[in-house]
Every structure is written in structure tokens, then in C-alpha cells.
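# Coordinates for the following, if possible.
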Amino acid sequence: MNETITNRISKLRDLMSQHSIDAYLVVSDDFHASEYVSDYFKTRAYLSGFTGSAGSLLVMKDWAGLWTDGRYFLQAADQLKETGIELMKMGEDGVPTVTDYLEQHIPHHGVLGFDGRTIRVSLYQLMKEALQGKNATIQSDLDLVGELWTDRPAFPKEKVWVLEEQYTGESTKEKLKNLRKTLDEKKADGMILATLDDIAWLFNLRGNDISYNPVFLSYAYIGQQLTILYRDEETLTEEAKKMLKENSVEIRPYFQIYKDVKEIENETIVVDEHGINIALKNSFSKDTTLLNEKNHTFLKKAIKNETEQQNERKAHVLDGIAVTKLIYWLKKQQQDGTVTSLKETDVCEKLEELRKQGQGYLGQSFAPIAATGKNGAIVHYEPIKGEDENLEENNFVLMDTGGQYYYGTTDITRTVAIGKLTQQQKSHYTAVLRGHIRLAMAKFKYGSTGANLDVLARGPLWDLGLDYNHGTGHGVGYLLNVHEGPNGIRMKEADRSVGVTLEEGMITSDEPGLYLEGKYGIRIENMILCKKEEKTEMGQFMGFETLTMVPYEREAILPEMLENKELEWLNQYHKRVFEQISQYLTTDEQKWLKSQTNPLKK
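The predicted structure follows:
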């Protein structure tokens, strides 16, 4: 047994008994519904041993289960071994949701407990409805894991700094002005923002409280006259304080918001129940009217302005140089017969070294993935130094990485051949590439959502009876979170993306894949910018501009599998890559890139 985890679960159950709790829920969120969280908030990982970014742990008196999605099935199965925690595979046939499980198994008049600061209102409402049939109650003010975690990391308080208008393309003053127009339209007195990327975007500020995500723990109140940023003042740079003062933004301590909202009386306040926690909502006085609306900033920040789009093109050239140099380096190691002496973390470290040479580079946009052979089938595998493997001969290495630049956020996946490939490996790679190209080539009528386009990427795999268990694309922030809504491309609409039209200026990933457990994984990912195509009597048509500038794995492509228009697109893309990247490479790198981007023929 995993004694560390079983002991923690046992101690939690002792605390549950002391508080007369029948079930205790621990989620991945911090106080702001963030996808990725600082070490202070990794309570679910501490309690279960599962380190993936998404998952919920439910502990009952004689059972414990962890829910996670298809990206993490293999990782979770491995990390939950001998913990006594059952893996609940979300979306699989016969697997109930957390709320369904609670509805079925909590005793009559039972009590569900959790830390309400980590539970978004929308989830709370679902659980409340699910428990009604059992007359069960909810106790939402219990941070039991906090009582157990004696060596918990410190609460994050990194410096907050200004992102200048040459990068953002719009001033804080203009953004606040537009937000107040929305308040007028809603006939509201004010708005509470709790989601960190929305706050960072609105105030043109960035921070480093969460690894890879340049955001900072904060809340914001925006009224017609009064604007407040809830962030401890000593963490702000002098430039940030000056900018906020110029925009009449008051600075108050982070936790003071819970006290301040109690004093709001007879006002209408806009909140987003997908981003605000139940503890904060419950702090409002009962005579306050709360309007549940998607954050105005949610859509605005997803539609990149002209300045942001131009900067993003620059970021992807800089990133393309680094990743192209990395692939050349791998191929040179293979040619020299030393590639199999490389560890997965060596690949990550080499890429970081190359990215640091790029202008305006600030750091990685997520924990890098370099997965050899069978590890590539673990969708979100993260190599750990000392535990990682040597690159495997005659197989793939899957590299999913990204960078944060003043010019924007990048996210790219390339799957590279190490040695000779089988016909099946090539066939699988080409099928993934075809889906990737089909989505990049898409022409669609305005009003379409990502769910309308997902089949384009899956079609070539479905033709072979194959598929992948994750979304095809996600929105990407501008020097913000690498996963950003509301735009996405997936089979089913996500909660906050239902019916969201793909708008000009949105940047989305294009990343189909294939994962064969115990063998290999293949994923190919570019960033694509939504743009207007022609307008006819039938309406406005849209398409995509590919931003990422890195060659594909030529040795893995079977040209005869490609349709003519797919081959034409591929050759045109490679031509662009060479034109954009070659001038920044050494002579040897240029020669190699030319060989990789020469036109393919059937």
C-alpha cells in the first residue's frame, strides 16, 4: 500500500468524523476557479497523490474516488495504485459524475463538506440539487486538508507588473470604459471579477503567483464611480501603483473583499457563477441582487486586437526558431549515434536554452512534455529528472511545449521520428497530420462553433477506426493562460463555450492525436487565428491563418495518403516556414530545413 496517501486519507476521515461529515470533496481549483494553481492550493494532489491539473477527490467513510478526464486516465491509474482510491473515468460508459455519485450514495440526512472558497457557484448549485432527494445538507466552510497539511507551501505573493500598451493594444482606461458601458446595458451598479486572467487582462497587469501562468491572486470590483483591485499593495511595482492611481483604481488587501461585499446594500451586482466561489457569493447581503452573466472580459480578451495579432505572429516566429533548432539538434544527435543517450528532460532543457535566446522570452507557458515511445501515449506526461527515460530508437518522441513572450503565448506539439519507422507508424502519423491539415484549411460560415468543425480533425482517424480522448483545440491567451475560453474545438460543447461563435481574432489550437497504450503517442499542434474570408450572398465565410512556424516530421509522412489539396496546403505551409525561419538559422540548420520543407510529391 501507499502508506503516505492511505495515512492522509485516514486522518481526513478522523476529521470528518469530528465534524459529523459523511462525504468530503476536494477539487483542483484555487479561490478563483483557475485551471492551474499555485503549490499552496494543490490540496487534491497532496491528499491523493494524483498530480494532473484536472480532477476531483471525493472521500466517504468507507470509499474514496477520484474523477478525471481522458487526458489523465493512464497517469491517474499509475499514481492511484495502492492508495485505496478508485479511479472514476469521466465520460466513460457507466461512470457517474461526482454529483450523481453523491446523489446515489450519501446517506439520508447526510452531510457533504468542502472548502467553499474552492467551489464555484455553478458546481455548488448542481450538488445542492443532487442532495435534495436525500434531505442532505452542505457544510461549505471546512478546509480540512489545510488542518492536515502541516508543511503547506506559503501563500503566493509575487510581484505584479505592468504590460505596456505596445503589447496590449488597448489601455486600461479604455477597457474600464467599455466595461462600464456593459454595466449600463445590464442596468447594474457594479461587477465582481474573480477569475485571474480576466483581472490581469482588464488592468494590463501580469504576475507570477502560478507557475507558467502570468497572473496574480486578486479580486476586482468595477462600479460606475468606484473601481477596486483587491491585492496586497506591497506586491505591486511602483509602476503598477502609478498606473492604477492614474486610472482611479483603489487598492485594498486581498481578503478584504469578503468583508466589503457584506456592506453592499440594495444594489445590482454582475457576477459569473462559473468563476466566483460559493463562499464569496454567500458573503453578499440578502438585499443585493446578483446577476449571473458571463464576464464581459471573457469574450473581449479572447478576440485579439490588431496589435495583439501582429505581436503573436512575431512570438510564433521566435518560438518557431527555437523549436526548429531543437528538431535539428535531435536529428544531428541521431546522425552522430548519440540520440539514445539523451533523456527526456535533456530535450526539455535544450529547448528552454534555445527559447531563452529569443527576444522578449519570459518563460514556459506550461510544464514541458517530452515523451519517448510508450510515454507519448500518456496524454499529459511530464518527465521528471532522475525518473525519465532515454529516447527510444525506431519510435516517436512527442514534444508538447510552449513559451510566454511579451509578444504573446505559444503552444506547439511536434512528434519526431527517432530512427526508422514502421509502415503502421507512418500511416498513423499521416492520419493525424491529415486531420490537422483539414482543420487548418477549414472554410466555414460565420456563426459556426468549434463543435461544428471538430469532425474535420477526427475524420481521417475515424476512417481507420481510431480516435483520441481529448478536445481538438483550446483558446490561448495573450501573455496569459495557455488554455483560455470561450473558443474551443471539441466534439461536445463545454459549459462556458456552448453556442460561442468563432470570431475573427480568436486564437485556437489545432491538435489532433493518437495514443496507443504501451506503444507510442502522436500529436501535432499549431495555433490558428480565425479570420474573415469572402462575403457572398450566402453570408460571411471564415477561415484560419496558421501562426506556428515549425516543419512537420517528413520521414513519417506517406504522401500517397494525402488528398491533393492536403498535399498542396502542406507544401505551401513548409514554404512559409522556410521563408520565415531560415534567415535566423546557421548554414547547416538552413540546409537541413531546406531538405525538410522541399515540396513533397505523391
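
# hey, let's count contacts and neighbours off CA atoms from now on
Will do.

# neighbours around L362, how many?
Applying the criterion other C-alpha atoms under 10 Å, we find 17 residues in the vicinity of L362.

# List of residues touching the helix or strand where it lies?
Under DSSP states H and E, the secondary-structure element containing L362 is strand 361-364. By C-alpha atoms under 8 Å, 6 or more residues apart in numbering, the residues outside strand 361-364 that reach it are 212, 352, 355-356, 401-406.

# One more pass at 10 Å, please.
For strand 361-364, the surrounding residues in contact (C-alpha atoms under 10 Å, 6 or more residues apart in numbering) are 211-214, 315, 318-319, 352, 355-356, 401-411, 479, 482.

# pLDDT wise, what is R71 at?
The score at R71 is 87. That number is its pLDDT.

# In space, what's closest to it - neighbours in sequence excluded?
V379 (5.1 Å; C-alpha to C-alpha, 6 or more residues apart in numbering).

# contacting residues for the one you found?
Listed by C-alpha under 10 Å, 6+ apart, the contact set of V379 reads 70-75, 369, 371, 398, 400, 468-470, 513-515, 521-523.

# all helices for the stretch 301-450 of the chain, in order.
Along the stretch 301-450 of the chain, counting by DSSP state H, counting those that start in this stretch, helices occupy 306-335, 344-355, 423-440, 450-462.

# Quick one: end-to-end length of stretch 50-65, please.
End-to-end distance of stretch 50-65: 11 Å, with C-alpha to C-alpha, to the nearest Å as the criterion.

# Ok, stretch 44-64 next?
With C-alpha to C-alpha as the measure, stretch 44-64 spans 12 Å from end to end.

# What average pLDDT does it get?
96.

# Check which residues of it are buried.
44-61, 64 (16 or more other C-alpha atoms under 10 Å).

# Ok, stretch 163-172 next?
Going through stretch 163-172 with 16+ other C-alpha under 10 Å, the ones that come out buried are 163, 167-168, 170-172.

# for stretch 235-253, same thing?
Applying 16+ other C-alpha under 10 Å to stretch 235-253 flags 235-236, 240-241, 243-244, 249-252 as buried.

# Also stretch 307-318?
Of all the residues in stretch 307-318, those buried under the rule 16+ other C-alpha under 10 Å are 308-309, 311-318.

# now swap in stretch 519-532 and tell me
Result for stretch 519-532 [16+ other C-alpha under 10 Å]: buried residues 520-532.

# Likewise for stretch 457-476?
Of the residues in stretch 457-476, those buried under the neighbour-count criterion (16+ other C-alpha under 10 Å) are 457-461, 466-476.

# right, and out of the buried residues of stretch 307-318, which lies closest to Y258?
Checking the buried residues of stretch 307-318 against Y258 by C-alpha to C-alpha gives E308 as the nearest, at 34.8 Å.

# Could you double-check that the closest one sits in contact with Q166?
Yes. The pair formed by E308 and Q166 meets the contact definition of C-alpha atoms under 10 Å, at 8.9 Å.

# who touches both of the two?
Contact with both E308 and Q166 is made by residues Y407, according to C-alpha under 10 Å, 6+ apart.

# which strands and helices sit next to the strand ranked longest in the chain?
If you go by DSSP state E, the chain has its longest strand at strand 526-536. The helices and strands touching strand 526-536, judged by 3 or more C-alpha pairs under 10 Å, 6 or more residues apart in numbering; DSSP states H and E, are helix 306-335, strand 412-418, helix 423-440, strand 444-445, strand 473-475, strand 507-510, strand 539-546.

# change it to 8 Å
Contact analysis of strand 526-536 by 3 or more C-alpha pairs under 8 Å, 6 or more residues apart in numbering; DSSP states H and E lists strand 412-418, strand 507-510, strand 539-546 as its packing neighbours.

# any idea of the angle the first one forms with strand 526-536?
Here the directions of strand 412-418 and strand 526-536 differ by 120 degrees (axes from the mean of the first three to the mean of the last three C-alpha atoms, to 10 degrees).

# Show residues contacting strand 412-418.
The contact list for strand 412-418 (C-alpha under 8 Å, 6+ apart) reads 327, 331, 334, 339, 391-402, 511, 522-527, 548, 552-553, 555-556.

# from these, which ones fall inside strands?
With strands identified by DSSP E, the entries of these that belong to them are 395-401, 522-523, 526-527.

# Would you map the strands across the stretch 1-150 of the chain?
When secondary structure is read from DSSP state E, counting those that start in this stretch, the stretch 1-150 of the chain shows strands at 23-26, 56-60, 64-68, 86-89, 111-113, 137-139.

# Using TSV, lay out the ones you listed together with distance to V95.
Below are these laid out as TSV (distance: least, C-alpha to C-alpha, whole Å):
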stretch	distance to V95
strand 23-26	18
strand 56-60	14
strand 64-68	9
strand 86-89	7
strand 111-113	20
strand 137-139	24
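
# and I581, which of those is closest to it?
strand 64-68 (39.2 Å).

# Can you tell me which helices and strands the closest one packs against?
Packed against strand 64-68, as judged by 3+ C-alpha pairs under 8 Å, 6+ apart, are the following elements: strand 56-60, strand 86-89.

# out of those, nearest to I269?
With C-alpha to C-alpha as the criterion, I269 lies closest to strand 56-60 of these, at 30.0 Å.

# for that closest one, packing partners?
Applying 3+ C-alpha pairs under 8 Å, 6+ apart, we find strand 56-60 packed against helix 3-18, strand 23-26, helix 43-48, strand 64-68.

# roughly how far is the last one from the heart of the chain?
A distance of 21 Å separates the centroid of the chain from that of strand 64-68, by C-alpha atoms, centre = their mean, to the nearest Å.

# Pull up the pairing partners for it, direction included.
Looking at strand 64-68 with DSSP bridges, its partner strands are strand 56-60 (antiparallel), strand 86-89 (parallel).

# Need these in JSON lines (columns: distance to I222).
Formatted as JSON lines, the strands paired with strand 64-68 follow (distance: least, C-alpha to C-alpha, whole Å):
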{"stretch": "strand 56-60", "distance to I222": "32"}
{"stretch": "strand 86-89", "distance to I222": "40"}
